[in-house]
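Chemist: Sequence plus predicted model, see below.
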Amino acid sequence: MSLDRVSKIADSQRAKITIKDAKELIPALAGARFDISAVGARALIKIVTWVFKQSCNDSNISKKSSRALLTKFRDAGRRSPPWKPTSSRIPGRPQDGSDGNRINRWLLPDNHKYYANEIIATLVEVKYILQTLSMANAPVTELTKLTRELFTPWLLEHEVKPGRYLDPIQLA
């Protein structure tokens, strides 16, 4: 695994991810398990997100739908929910992004109820993406096969394969 490549993917907004990156880096980064570094976690989320987007695209799932799912995963993983009832800038108004709405969880004080360190918050988001790729009728591509057993049992209780994860709310 090239640490330079991992750093470039992790720290760049415009780093182009390739199939070669996915094939080489996902197994190496997943192999670190919970000992992964923050840089490794940032690279892993970007590569897994890329795999998810490519798989959705290859399966003719709309970009709007896949983007909406990824936003939900980010809101439940790395970003905090709104944590103040009202705006500190405009009394009586709801909190907005400038007020700290949905900030990265690791930027909150350690004792805050929504705090999580960067690695754990990122791995939660990775888990949500992989669970989605494990639901019935999930897209199956060569890319999704890369992740099949790499995250079992340390992050997921099942392999990443359609029909392996049953959503507890929708039972699908």
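Modeler: Yep, it's here. From a predicted model like this one, the values you see are computed outputs, not experimental measurements.
Chemist: Quick check: the residue sitting furthest away from the middle of the chain vs Trp83, distance?
Modeler: In the chain, counting by Cα atoms, centre = their mean, Pro91 sits farthest out from the average C-alpha position, at 34.2 Å. Using Cβ to Cβ, to the nearest Å, Pro91 is found at 17 Å from Trp83. In short, each C-beta sits where N, CA and C put it, glycine included.
Chemist: Please enumerate the helices of the chain.
Modeler: Taking DSSP state H, the helices of the chain run over residues 3-11, 19-31, 38-58, 63-76, 118-132, 142-145.
Chemist: Save these as TSV, and put in mean pLDDT and distance to Trp106 too.
Modeler: Converted to TSV, the helices of the chain look like this (pLDDT from 0 to 100; distance: least, Cβ to Cβ, whole Å):
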stretch	mean pLDDT	distance to Trp106
helix 3-11	92	15
helix 19-31	94	19
helix 38-58	95	9
helix 63-76	93	14
helix 118-132	96	4
helix 142-145	80	29
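Chemist: So which of these is nearest Val160?
Modeler: helix 118-132 (5.1 Å; Cβ to Cβ).
Chemist: OK, contacts around Arg164?
Modeler: By Cβ atoms under 8 Å, 6 or more residues apart in numbering, the residues touching Arg164 are Ser134, His158.
Chemist: Repeat that for Pro109.
Modeler: Tyr115.
Chemist: how much space between it and Val39?
Modeler: Applying Cβ to Cβ to Pro109 and Val39 gives a distance of 23 Å.
Chemist: before we move on, what about His158?
Modeler: From His158 over to Val39 the distance is 28 Å, taken as Cβ to Cβ.
Chemist: ditto for Val160
Modeler: Separation of Val160 from Val39 (Cβ to Cβ): 23 Å.
Chemist: Compare neighbour counts for these two and give me the winner.
Modeler: Taking other Cβ atoms under 10 Å, Val160 and Val39 do not tie; Val160 has more neighbours (25 against 17).
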